[in-house]
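K.L.:
After the sequence you'll find the predicted model.
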Amino acid sequence: MENIKALIKKVCTKEVILYFVFGVLTTLVNLFVFYILTHLNLDENLSNVIAIVIAVLFAYFTNRKLVFNSTAVTFKENLKEFYKFILGRLFTMILEIVGFYLLFNILGIQELISKLLITVIVIILNFFISKFFAFKK
């Protein structure tokens, strides 16, 4: 029991909790923007792209300062962080597409389970990419 408590204490850091909170908020931003745009009779696919872009920007700004406490000051430093963040998100987006295809189409795992499994992997990867690549100190 002590090992489990120690593991939870090690994993549930302030950074991880904030990443989770802002991840949920990012998802809500994505859904809200999509909902608003589709109800303004904008094409669903275009609404989805716009919602994703806004959600990723929201994630960048919240993760940058509130989760990972970026110390970038100059325009060049900020641009470099932004580029790395977007590059990381593009990588995990491709991984999500390929991973889902492999799990669902090749391995025959039920679609919702496949989506859930790959989403968990992507969330964990996004955390580490942000922490050790995009916003590393």
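P.N.:
Ah, there it is.
K.L.:
what about the helices in the chain?
P.N.:
Using DSSP state H, the helices of the chain run over residues 2-11, 14-39, 44-62, 75-100, 111-129.
K.L.:
Need those in JSON lines (columns: mean neighbour count, distance to Asn69 and mean pLDDT).
P.N.:
From N, CA and C alone the C-beta is placed, and that goes for glycine too. As requested, the helices of the chain are arranged in JSON lines below (neighbours: other C-beta atoms under 10 Å; distance: least, C-beta to C-beta, whole Å; pLDDT from 0 to 100):
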{"stretch": "helix 2-11", "mean neighbour count": "9", "distance to Asn69": "19", "mean pLDDT": "74"}
{"stretch": "helix 14-39", "mean neighbour count": "15", "distance to Asn69": "9", "mean pLDDT": "93"}
{"stretch": "helix 44-62", "mean neighbour count": "16", "distance to Asn69": "12", "mean pLDDT": "93"}
{"stretch": "helix 75-100", "mean neighbour count": "14", "distance to Asn69": "12", "mean pLDDT": "94"}
{"stretch": "helix 111-129", "mean neighbour count": "15", "distance to Asn69": "15", "mean pLDDT": "91"}
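K.L.:
which one of these lies closest to Phe135?
P.N.:
helix 75-100 (6.1 Å; C-beta to C-beta).
K.L.:
thinking again about what came up before, distance to Lys136 added to the helices of the chain, as CSV?
P.N.:
Output for the helices of the chain, formatted as CSV (distance: least, C-beta to C-beta, whole Å):
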stretch, distance to Lys136
helix 2-11, 20
helix 14-39, 13
helix 44-62, 15
helix 75-100, 9
helix 111-129, 10
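K.L.:
Fine by me, we can end here.
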